[in-house]
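> Please work out how this folds:
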Amino acid sequence: MAVELLGVGAATLALFVGFGVLVGVLFGFFGMGGSFLVTPALLVMGYPSRVAVGSGLAFVFGTSVIGALRHRDLGQVDYRLAALLTVSVSVGIEFGKRAVLSLEALGAADLVVSVAYVVLLGAVGAFVVVDARREGDPTGSGAVLARVRLPPTVSILDGPTVSVWVVFAIGLVVGVLAGFLGVGGGFLLMPAMLYGLGVPAAVAVGTDILQITISGAVGSFLYAQSGGVDLSIVAPLLAGSALGARVGSAATGVVSEDDIKGYFGAMLLLGAVAVAIRQVGLALGTPALSHLSLAIIVGSALLVSGAVCYSSLLALRRREEPRPASTD
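Coordinates of the predicted model:
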């Protein structure tokens, strides 16, 4: 007799737990919501769109709480910056949604949003990868926006002092794009903090996760009211991510900043390819391309999370290696 939990068979249960570990590692390491992985996977598995999106948001909320607590313990969360970004991103999302509604009235929303998503994801990913391979100052002191001193200002944890107006403007722009594209905005906010404000990579991840916690809570609550959250999906995913998020969060403290940027950029580039293939499949009515898209997303997540764990082990091994004795 098959073992079941909340109506989920043993094989599906193991799949969800394993997938939760995988997404948890990536979330804890990058501060990116797992809905861009979980939602398409649930859609391909045959779950209704409402359940796929709602359960994905609930999973992101639960995982972000775990990740935020871990980053707090590591001292990698800037609470003032997170509060400013949460407010400004929320305002921007509303404007983004209105832009989508206007495009829907013209019958051009699906095409414009899909193209914008692929282009933006690919462009940001390419920029981050190139920057990670470039030799230079790793502290983020070259961030132009961090040099604006329009009062009032706020001091960033382990980073520069920046104008509150600049922080709000960045959050507003990211929010508009997030609302327009229908995503959480983590893949946009991370580069904005790194390159716009000069926030250290580990602090950027922890702060991003904290603001995702708030937005994820609102989204999952709204979907739960309409029955869009399936606990038989969310519970095993969260069980796995509880471990994965702690591993990913801890890795940010030992892996170099350039490696964090490089893995992040690679994940975005692979995601752009996967989304592009999925959109082509939808346009042509070819289910095989949608399955290929999911395979690329899951495969890239597995590859990058494995690289993160491997880099962490190497970094820890170097720290534990005895230093050569002095010849003086």
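
> What separation do you get for residue 261 and residue 206?
Computed as C-beta to C-beta, to the nearest Å, the residue 261 to residue 206 distance reads 16 Å. From N, CA and C alone the C-beta is placed, and that goes for glycine too.

> whoops, residue 248 was the one
Residue 248 is 11 Å from residue 206, where distance means C-beta to C-beta.

> what do you get for residue 311?
For residue 311, the distance to residue 206 equals 19 Å [C-beta to C-beta].

> out of the two, which sits in the busier spot?
Neighbours per residue (other C-beta atoms under 10 Å) separate residue 311 from residue 206, with residue 206 holding more: 29 against 19.

> Look at that one and report its pLDDT.
pLDDT, residue 206: 82.

> Which of the helices or strands spans it?
Using DSSP states H and E, residue 206 sits within helix 201-225.

> model confidence over the next helix or strand after that helix, on average?
As assigned by DSSP H and E, the chain's next helix or strand after helix 201-225 is helix 231-251. Confidence for helix 231-251, expressed as mean pLDDT, is 81.

> How far does helix 231-251 sit from its chain's centre?
Centroid separation between helix 231-251 and its chain, computed with C-alpha atoms, centre = their mean, to the nearest Å, is 14 Å.

> Output the below-cut-off pLDDT ranges for the stretch 101-250 of the chain.
Within the stretch 101-250 of the chain, the ranges that satisfy pLDDT under 70 run 104, 108-111, 113-114, 135-144, 179, 181-187, 215.

> Name the nearest residue to residue 240, ignoring sequence neighbours.
residue 20 (2.6 Å; C-beta to C-beta, 6 or more residues apart in numbering).

> quick one, what contacts that neighbour?
59, 63, 236, 237, 238, 239, 240, 241, 242, 244 (C-beta atoms under 8 Å, 6 or more residues apart in numbering).

> Please point out which parts of the host helix or strand of residue 297 sit buried.
Residue 297 is part of helix 287-320, with elements assigned from DSSP H and E. For helix 287-320, the buried set under the neighbour-count rule, 16 or more other C-beta atoms under 10 Å, comprises 289-290, 292-294, 296-298, 300-301, 304-305, 307-309, 311-312, 315.

> Next: stretch 123-137.
Buried residues in stretch 123-137, counted by 16+ other C-beta under 10 Å: 124, 125, 128, 129, 131, 132.

> contacts for it?
The contact list for stretch 123-137, computed with C-beta under 8 Å, 6+ apart, reads 142, 187-188, 191, 195, 258-259, 261-262, 264-272.

> how about the strands in the chain?
Using DSSP state E, the strands of the chain run over 153-155, 161-163.

> Turn the ones you listed into JSON lines, columns for distance to residue 53.
Shown next, in JSON lines, are the strands of the chain (distance: least, C-beta to C-beta, whole Å):
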{"stretch": "strand 153-155", "distance to residue 53": "34"}
{"stretch": "strand 161-163", "distance to residue 53": "34"}
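
> Looking at these, spot the one closest to residue 118.
Of all the strands of the chain, strand 161-163 sits nearest to residue 118, with 31.0 Å by C-beta to C-beta.

> pLDDT on stretch 315-328, on average?
Computed over stretch 315-328, the mean pLDDT rounds to 64.

> Wait, residue 200 touches residue 158, no?
Yes - the criterion here is C-beta atoms under 8 Å, and residue 200 meets it with residue 158 at 5.0 Å.

> who has more neighbours, those two?
residue 200 (22 against 13).

> Could you tell me which residues make contact with residue 149?
By C-beta under 8 Å, 6+ apart, residue 149 lies in contact with 161, 163.

> try 10 Å this time
161, 162, 163, 166 (C-beta atoms under 10 Å, 6 or more residues apart in numbering).

> of all these, which comes closest to residue 99?
residue 166 (23.1 Å).
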